[in-house]
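Asks: I would like to see how this sequence folds:
(one chain, ligands or ions: 1)
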Amino acid sequence: MDTVWVFGDQLNREFAHLRGAEPSTHRILMVRSRAQLGGRRHRQRVHLVLTAMRRFAAGLRREGFEVDEREAPTLIEGLEGHRREYRPEQVIAMEPLSRRGLRLLGARSIRIVRSDQFLCHYEDFAAWAAGRRRLRNEDFYRWQRRRLGYLMDGDEPAGGRWNYDPENRRPPPRAERPWPERHPFLLDATDREVLHSLPEGLWGDPPSGWWPTSREQALERLEEFVGGVLPHFGPYQDAMLTDDWHLAHSLLSPALNLGLLTPAEVCDAVEEAYRRGAVPIESAEGFIRQVIGWREYVWGLYWLWGEAYAASNHFEADLPLPPAFRGEPTEMACVAATIAGLERRGYAHHIQRLMVLGNLALLAGIDPQAMVRWMQRSFVDGAEWVMVPNVIGMALHADGGRMATKPYAASGAYIDRMSDSCGDCRFDPKQRSEPGACPFTTLYWDFLDRHRQALEPNPRMRLQIRNLDRIADRLPGIRADAERVRRVLTDGAL
Ligand code: SF4
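Replies: Now for the predicted structure:
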């Protein structure tokens, strides 16, 4: 009998490793690796993976499969234990989602089948990238649209445009919120059992049912999103509100990243809603771009650029993570709100990640590799392939601009425009230095000043550098204040 080894982030009966599996010829192996589920990870991340694995195993058993669920210090020790006990003729696995995983499998006589978890396999991405001077997400996205046929009317993009991003940058609504309230799933006995079995040392609140742990729940979440939330996704996707953690975001990334949903079925549902007139083009396009564009683009880049890319540190940033990121009190209202949400649910939406946490790390000069490790462990949808390109390339510009054409550096004025945090903050987003100045604003000008030489040749930074020149007489004060901000940020007194 053969064994199919199913990893905790490949939980789909239709993926390549399981599609042809039969209970009469295949046994299933699932390993809970203590090395991968301990440490200072978010409790809800660990609970999500373990509960989803358990429910998936139960579903396979209902089909008649024998499932060997085992816990081991590492994945490989789990495999060896399984081999000793069952002596399978061969072990089959689908390509794992990390380079390290692929290396481990390659050295263990395992038949590795090509992954179909993404719409664009990383080898196909590499073929697309070959010979291109610059790997722009927009070019990749249009290639995916044409190839996959999403939102296409013949050879033309539906609605006449490829990209509706300019319509999708509205600040948060000041009065009534147009998107519906969301509802958590009820926790059951399996959730509680897993919760009681979690290792010591995790951080964050226990789960309250926000993250689907089965395919049925994931499909329910998809239906809820497409049915009522998606029409509002586009316009408000960059907005932040202190008392509304989800706004009109899909909340689907944890389910997608574990395989509980496939990118194709998510995009099919969105396309269908658009075609029947239930969703405006700017929301349908904005969402499909995130899935077939950005998500698959970072997946492809993760494999293409390899380990050296993950170690990039263009600005030689070396500050440790601020205690505020571990939940210590902070007076920065936007950071406090983002971290409180992270602690409560293991989640912050993409603008909080990019323009609050990532922006602060970029401006202050926080060690990019420490930031990747922290984000990977702290978010329910964290994975190496997600975090390396998003943090190294997009948020921290630590790759020197291989991925993004300019650093996503912004002062407190941006956060003030796109959120409601600044009104309740003791700092003033317009102040650059002196007591009461917003740390983002002080650090923003200091960042431009410190890295002026590196940024000046970039045509997309010209305006910022010109603005820096206009405040040349203030720079000595800003430099001194920025030094103090970095110190108190690191000491945990900010
Ligand atoms: Fe954040 Fe600055 Fe606004 Fe305070 S004033 S909430 S620190 S951006």
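Asks: hey, where'd the strands end up in this protein?
Replies: In the chain, the strands defined using DSSP state E lie at 2-5, 26-33, 67-72, 91-94, 111-113, 152-153, 156-157.
Asks: Show the low-confidence segments of the stretch 151-300 of the chain, by residue range.
Replies: For the stretch 151-300 of the chain, no stretch is flagged by pLDDT under 70.
Asks: Just the closest residue of it to the ligand, please.
Replies: Distance from the ligand to each residue of the stretch 151-300 of the chain (C-beta to the nearest ligand atom) is smallest for Thr242, at 9.3 Å. For glycine as for every other residue, the C-beta is placed from the backbone atoms N, C-alpha and C.
Asks: picking that back up, would you list the strands of the chain in TSV and tack on distance to Val380 and mean neighbour count?
Replies: Output for those, formatted as TSV (distance: least, C-beta to C-beta, whole Å; neighbours: other C-beta atoms under 10 Å):
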stretch	distance to Val380	mean neighbour count
strand 2-5	24	22
strand 26-33	17	21
strand 67-72	21	17
strand 91-94	22	22
strand 111-113	27	16
strand 152-153	33	12
strand 156-157	33	14
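Asks: Determine which of the ones you listed approaches the ligand most closely.
Replies: strand 156-157 (36.1 Å).
Asks: any idea how far the nearest residue to Ala482 once chain neighbours are set aside is from Gly412?
Replies: Among residues not flanking Ala482 along the chain, Asp446 sits closest, at 3.4 Å (C-beta to C-beta, 6 or more residues apart in numbering). Between Asp446 and Gly412 the distance is 13 Å, computed by C-beta to C-beta, to the nearest Å.
Asks: Quick one: end-to-end distance for stretch 12-32.
Replies: Its start and end residues considered, stretch 12-32 measures 17 Å (C-alpha to C-alpha, to the nearest Å).
Asks: for stretch 6-17, same thing?
Replies: End-to-end distance of stretch 6-17 (C-alpha to C-alpha): 8 Å.
Asks: In that stretch, which of the residues would be classed as buried?
Replies: Val6, Phe7, Gly8, Asp9, Gln10, Leu11, Asn12, Phe15, Ala16, His17 (16 or more other C-beta atoms under 10 Å).
Asks: that older thread, in a markdown table, list the strands of the chain along with distance to the ligand.
Replies: Below are the strands of the chain laid out as a markdown table (distance: least, C-beta to the nearest ligand atom, whole Å):
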| stretch | distance to the ligand |
| --- | --- |
| strand 2-5 | 46 |
| strand 26-33 | 38 |
| strand 67-72 | 43 |
| strand 91-94 | 43 |
| strand 111-113 | 47 |
| strand 152-153 | 40 |
| strand 156-157 | 36 |
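Asks: mind putting those in JSON lines, distance to Glu307 included?
Replies: As requested, the strands of the chain are exported to JSON lines (distance: least, C-beta to C-beta, whole Å):
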{"stretch": "strand 2-5", "distance to Glu307": "24"}
{"stretch": "strand 26-33", "distance to Glu307": "21"}
{"stretch": "strand 67-72", "distance to Glu307": "26"}
{"stretch": "strand 91-94", "distance to Glu307": "21"}
{"stretch": "strand 111-113", "distance to Glu307": "19"}
{"stretch": "strand 152-153", "distance to Glu307": "37"}
{"stretch": "strand 156-157", "distance to Glu307": "37"}
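Asks: where does this protein come near the ligand, residue by residue?
Replies: Residues of the chain that fall close to the ligand, judged by C-beta under 6 Å from any ligand atom: 332-334, 412, 415-416, 421-422, 425, 427, 429, 438-440.
Asks: nearest spatial neighbour of the residue of the stretch 151-300 of the chain closest to the ligand, skipping sequence neighbours?
Replies: Distances taken as C-beta to C-beta, 6+ apart put Ala337 closest to Thr242, at 4.7 Å, once the chain neighbours are dropped.
Asks: and the residue of the stretch 151-300 of the chain closest to the ligand, how many neighbours does it have?
Replies: Number of residues near Thr242 (other C-beta atoms under 10 Å) recorded here: 18.
Asks: In a markdown table: the residues of the chain next to the ligand, plus pLDDT, neighbour count and distance to Glu316.
Replies: Below are those laid out as a markdown table (pLDDT from 0 to 100; neighbours: other C-beta atoms under 10 Å; distance: C-beta to C-beta, whole Å):
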| residue | pLDDT | neighbour count | distance to Glu316 |
| --- | --- | --- | --- |
| Met332 | 97 | 25 | 25 |
| Ala333 | 97 | 19 | 30 |
| Cys334 | 97 | 30 | 26 |
| Gly412 | 97 | 27 | 25 |
| Ile415 | 96 | 28 | 26 |
| Asp416 | 95 | 21 | 30 |
| Ser421 | 94 | 22 | 30 |
| Cys422 | 96 | 20 | 31 |
| Cys425 | 96 | 20 | 30 |
| Phe427 | 97 | 21 | 28 |
| Pro429 | 95 | 22 | 28 |
| Cys438 | 97 | 25 | 25 |
| Pro439 | 97 | 25 | 21 |
| Phe440 | 97 | 29 | 21 |
